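Peer 1: What follows is a predicted structure for the sequence shown.
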Amino acid sequence: MTGVSVVPVEVLLAKRVQEMVLDGEEPPAPYLSRDGDEAQDISSPSSIIPIIDLSLFSSSIPHNKQEEELQKLRSALSSWGCFQAIGHGISTMFLDKIRQVSREYFEQPMEEKKKQAKEIEGFDGYGADPPPEQGQPLDWSDRLFLEVYPEDLRKPKFWPQNPKSFREILEDYTSKIIPLTERVSKAMAKSLNLEENCFLNQFGERAMLHARFNYYSRCPRPDLVLGLKPHADGSGYTLILQDDIGLQVLKDEQWFTVPMISEAILVLMADQMEIMTNGVFKSPVHRVLTHSQRERISVAVFYTPEKNKEIGPENGLINEERPRIFKNVKDYADVHWKYYNQGLRALHTAHV
Ligand SMILES: O=C(O)CCC(=O)C(=O)O
Ligand SMILES: [Fe+2]
């Protein structure tokens, strides 16, 4: 196995994982992050991660059916912190188109992708995340990170020109995701007996959407290397589209694999929803495994409260039995990132 690396992380990161795989390289030491925790891996039967049918929340559905699904939603988010959304109104054909164009993007020659190359320290563009603090493992992944909404925050130089349909498909997806976040935010509020617009008001009119296209190359040592290290997200919540299994969610100290359902979008609570619900909904720790034979694609869209907007626990969720456990916070995602780089969570910084 590879010894202690003397190559600075910045230099290592300049060579993408996909290039290392093409060159037949073994993962260098900074990528080794697993230590034989396989015993805890659960290949869960597909029924375990809750599936919620969003079409049951429309007004034409009988009240008792809606109530039943709302209860299921509340229970899913209080225990798992995520659910697989179906009945969301985005066709499977279109979801497949996004999966396909994402794969086509990453399968292009490196010179093409490097046209959107990010700065080592920056966030937007193609490459790896900024270097973590010393001693933190690197992820076996390449990603393209783009700000997509509000439109004036876009940085066009990082938007790929190729594949030709990429831009249009991403714009189309954005226009479908916006109403989806409205439906999900309203349903979550109703499930907690809160006024249906309360979360939407906290996110604000200029709530942000960031898209992260992840490409996890095959890995010769899936036993030692992770596609993405364990973390919780710093957004409000995240919508994840996957084309294969690999994502795992931590619950009761066990890892559960998120099953692949082609029509589903995984809705994953992030720290800011845990804050807004005063801890009722959980922002789960999750990670991505690598596979020795297959690459995996995912598209994560982070839905985050608008810049400079103070958010905090809903009043309706603070009472004598459940006192306020979080402060109001602003631009929490920035704090989250500082801790993420050190392999830590930031949620404690928001505790009262
Ligand atoms: O690849 C995945 O399924 C999850 C990606 C993820 O957790 C992230 O981008 O924050
Ligand atoms: Fe994540």
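Peer 2: Arrived safely. Ligands and ions are numbered 1, 2, ... in the order given.
Peer 1: List the contacts of Thr174.
Peer 2: Thr174 is in contact with 148-149, 209, 211, counting by CB atoms under 8 Å, 6 or more residues apart in numbering. Placement of C-beta: from N, CA and C, glycine included.
Peer 1: export these to TSV and tack on distance to ligand 1, pLDDT and neighbour count?
Peer 2: Output for the contacts of Thr174, formatted as TSV (distance: CB to the nearest ligand atom, whole Å; pLDDT from 0 to 100; neighbours: other CB atoms under 10 Å):
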residue	distance to ligand 1	pLDDT	neighbour count
Val148	14	98	20
Tyr149	17	98	21
Leu209	13	98	21
Ala211	10	98	22
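Peer 1: With Ile169 as the reference, measure out to the closest residue to Asp172 other than its chain neighbours.
Peer 2: Leaving aside its chain neighbours, Asp172 sits nearest to Phe94 (7.4 Å; criterion: CB to CB, 6 or more residues apart in numbering). Here the criterion is CB to CB, to the nearest Å. By it, Phe94 lies 8 Å from Ile169.
Peer 1: returning to what we had before: from the contacts of Thr174, which two are the most distant?
Peer 2: The most widely separated members of those, counting by CB to CB, are Tyr149 and Ala211 (9.2 Å).
Peer 1: residue boundaries of the helices in the stretch 251-352 of the chain?
Peer 2: For the stretch 251-352 of the chain, applying DSSP state H, counting those that start in this stretch gives helices covering 271-276, 332-340.
Peer 1: anything in the first one sitting right up against ligand 1?
Peer 2: Right, the one you point to is helix 271-276. No: against ligand 1, helix 271-276 shows no contacts by CB under 6 Å from any ligand atom, the least distance being 11.9 Å.
Peer 1: pLDDT weak spots in the chain?
Peer 2: Low-confidence segments of the chain, defined by pLDDT under 70, span residues 1-6, 36-47.
Peer 1: one more time with 50, if that's ok
Peer 2: Flagging of the chain using pLDDT under 50 yields the residue ranges 1-3, 39, 46.
Peer 1: Contact residues of it facing ligand 1?
Peer 2: Near ligand 1, the residues belonging to the chain are 212, 214, 228, 233, 240, 242, 247, 286, 288, 298, 300 when assessed by CB under 6 Å from any ligand atom.
Peer 1: Just among those residues, which is most surrounded?
Peer 2: Leu247 (27 neighbours; other CB atoms under 10 Å).
Peer 1: hang on, the earlier thing: single out the most deeply packed of the helices of the stretch 251-352 of the chain.
Peer 2: For those, the stretch with the most neighbours on average is helix 271-276, a mean of 27; neighbours defined as mean count of other CB atoms under 10 Å.
Peer 1: and it, how far out from the chain's middle?
Peer 2: How far helix 271-276 lies from its chain's middle: 15 Å, per CA atoms, centre = their mean, to the nearest Å.
Peer 1: all helices for the protein, in order.
Peer 2: Residue ranges of the helices in the chain, as given by DSSP state H, are 9-14, 17-22, 63-79, 92-106, 110-113, 166-191, 198-203, 271-276, 332-340.
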